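Trainee: Provided below for reference: sequence and predicted model.
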Amino acid sequence: MTQSGTIEASKAFYMDPSSYAPFDYNEDHQVYELCIDPRDTNEDVPVVAYQTSGGLIGRGIDRAIVDSALGYGVKRIHTAMEQEADITRGVLEGAHRNTCKLAVGMMAVLEEVAFPDDKTLEAFDSWEKHYFESAATARDARIKAMHAAGYLLQYWNMGGYADKAAQLADELVDTVDLRQPGVHNVMTMVGQNNAGLYVVNHSATRGLRRASVFRGDAKVADTAYHDSLGRTVSIIDTYTTDEDRHLRTAATMLRSAATRQVVAPQESGLVYLEVNPTRYREAVEVVAA
């Protein structure tokens with residue numbers, strides 16, 4: 001997966017705090033959304049975008065888990081995505097073509113959320129300090145999210161989601177595309193997946209300078225998946241009670257941890273890094289996970 005002799009140089013780039021910058025916004029003050037895919041796009045995207053696995057598709061999964069847990073019914077992924085986009089402010093929803101691993105592997109990720117292995121749980125536990133005031137609150141929210149994901153998994157399996165994964169993935173990307181007529185919010189990924197690293201970013205204010213990864217003096221050989229988990233949690237502003245927000249935060253954290261375990265387990269040789277906020281708002285530190 002990685003190119004011999006290049007991983008250390010690439011790691012140095014991703015561990016440099018200056019490789020992360022404040023998010024860019026469009027004229028409607030929306031942050032741009034991309035998937036965590038490590039490949040380049042077929043367009044020059046100079047903006048610092050917010051990244052989450054699957055883009056709006058991933059956030060739709062979170063919404064469906066939480067609505068199930070809150071008793072609002074078990075919903076189709078299409079419905080959950082539409083509702084998420086309609087009520088979430090400040091995000092120009094995005095996705096990408098040319099095989100989104102989250103979209104195609106959605107059921108495997110959901111199963112990992114519902115029945116997480118030890119490494120997924122270890123990741124959740126190590127991240128909770130960034131998002132919860134107490135471990136007990138985090139644990140209670142996590143258990144509720146897991147149970148709801150189990151019900152959702154059963155419902156979506158009965159709906160044939162697993163049997164038509166590739167077709168469904170295309171449909172979901174089209175759903176994102178059709179929400180913004182005339183706006184180029186769905187990218188096409190190109191080139192080889194040369195990911196040698198996986199970055200989970202807990203900062204709510206800074207994202208990866210993706211353009212530097214592929215262009216200019218900082219161009220790297222071994223790219224990285226980059227998950228803006230801190231930003232994803234920060235945009236959860238549509239729930240009216242602390243309990244509901246805690247549940248959504250736990251669902252989002254579980255999806256991030258599950259995606260990493262399904263798509264790029266550490267046994268495959270990837271280097272795990274984490275970006276942590278500091279007490280200075282415009283600064284981060286990067287550490288080995």
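Mentor: Looks like it came in fine. Numbers count the residues shown, from 1 in each chain.

Trainee: tell me the SS of Ser212?
Mentor: helix (DSSP: H, G, I helix; E, B strand; the rest coil).

Trainee: quick one: low-confidence parts of the protein?
Mentor: Flagging of the chain using pLDDT under 70 yields the residue ranges 1-5, 44-46, 237-238, 281-282.

Trainee: residue ranges for the helices of it, please.
Mentor: 7-15, 56-69, 77-87, 101-104, 106-114, 118-127, 135-158, 165-179, 210-214, 229-234, 242-263 (DSSP state H).

Trainee: got a list of what Tyr50 touches?
Mentor: Phe23, Val31, Tyr32, Glu33, Leu34, Val91, Gly207, Ser228, Arg231, Thr232 (Cβ atoms under 8 Å, 6 or more residues apart in numbering). Where C-beta positions appear, they are placed from N, C-alpha and C, glycine not excepted.

Trainee: how close does the closest residue to the fifth one other than its chain neighbours get to Gly191?
Mentor: Residue nearest to Leu34 in three dimensions, not counting chain neighbours: Ala49, with 4.4 Å by Cβ to Cβ, 6 or more residues apart in numbering. Using Cβ to Cβ, to the nearest Å, one gets 18 Å for the distance from Ala49 to Gly191.

Trainee: and Asp140, by the same measure?
Mentor: Asp140 sits 43 Å away from Gly191, going by Cβ to Cβ.

Trainee: about what we covered before: neighbour count winner among Ala49 and Gly191?
Mentor: Ala49 (23 against 13; other Cβ atoms under 10 Å).

Trainee: state the distance from the more buried one to Ala114.
Mentor: Taken as Cβ to Cβ, the span from Ala49 to Ala114 is 29 Å.

Trainee: single out the most deeply packed of the helices of the chain.
Mentor: helix 56-69 (a mean of 27; mean count of other Cβ atoms under 10 Å).

Trainee: that one packs against which elements?
Mentor: helix 77-87, helix 101-104, helix 106-114, helix 135-158, helix 165-179, helix 242-263 (3 or more Cβ pairs under 8 Å, 6 or more residues apart in numbering; DSSP states H and E).

Trainee: now with 7 Å, please.
Mentor: helix 77-87, helix 101-104, helix 135-158, helix 242-263 (3 or more Cβ pairs under 7 Å, 6 or more residues apart in numbering; DSSP states H and E).

Trainee: and the second one, what does it pack onto?
Mentor: When contacts are defined as 3+ Cβ pairs under 7 Å, 6+ apart, helix 101-104 packs onto helix 56-69, helix 165-179.

Trainee: what's near enough to touch Tyr20?
Mentor: Listed by Cβ atoms under 7 Å, 6 or more residues apart in numbering, the contact partners of Tyr20 are Ser203, Arg206, Gly207, Leu208, Arg209, Val275, Val284.
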